[in-house]
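In: Below: sequence and its predicted model.
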Amino acid sequence: MSNKILLVDDEEIIRDLFKEYLTEEGFEVKVVSSGKEAIEIVKGETFDFFLIDLVMPEMDGVQLLREFRTLKIDAPVILLTAYGVDMDKSRKESLNIRGVISKGIPMAEVSGKIKNLLKGEENGEKGKDTSS
């Protein structure tokens, strides 16, 4: 059975690229373009992992994760960003953020990080930060 990922990004080209590649890698990928759409979909489906754009209109990635936590949704998350971001460790842990990666890194690296996190092997320890 494949691992189910929800990708939330307001850029269509990013959604298409990630969905195509991750599907080829064996993941089941659902995509939405906003935090509001993500909240609606998680009320009816469960996911093993989230890839969430940090900067989106209306609701950014951190705001979305706070909403997820109020809904008791606690799957691991990698935040995607085109910008540098500095987030303290306690904030990452409280939102179950396992890493912040640049949208420009090779897709194979993204896939590898997700696979390792889902196996609990990132840096030899489940939940370890994957920030690049």
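Out: Right, received. Where do you want to start? From a predicted model like this one, the values you see are computed outputs, not experimental measurements.
In: Once you drop chain neighbours, what's closest to Asp60?
Out: The shortest distance from Asp60 to any non-neighbouring residue, by Cβ to Cβ, 6 or more residues apart in numbering, is to Leu54 (6.3 Å). Every C-beta, even on glycine, is put in place using the N, C-alpha and C of the backbone.
In: Pull the contacting residues for that neighbour.
Out: Leu54 sits next to 60-62, 79-81, 83, 85, 100 when contact means Cβ atoms under 8 Å, 6 or more residues apart in numbering.
In: quick check, nearest of the residues you listed to Pro106?
Out: Leu80 (13.7 Å; Cβ to Cβ).
In: and the closest one, how many neighbours does it have?
Out: 24 (other Cβ atoms under 10 Å).
In: and it, which of the three is it?
Out: strand (DSSP: H, G, I helix; E, B strand; the rest coil).
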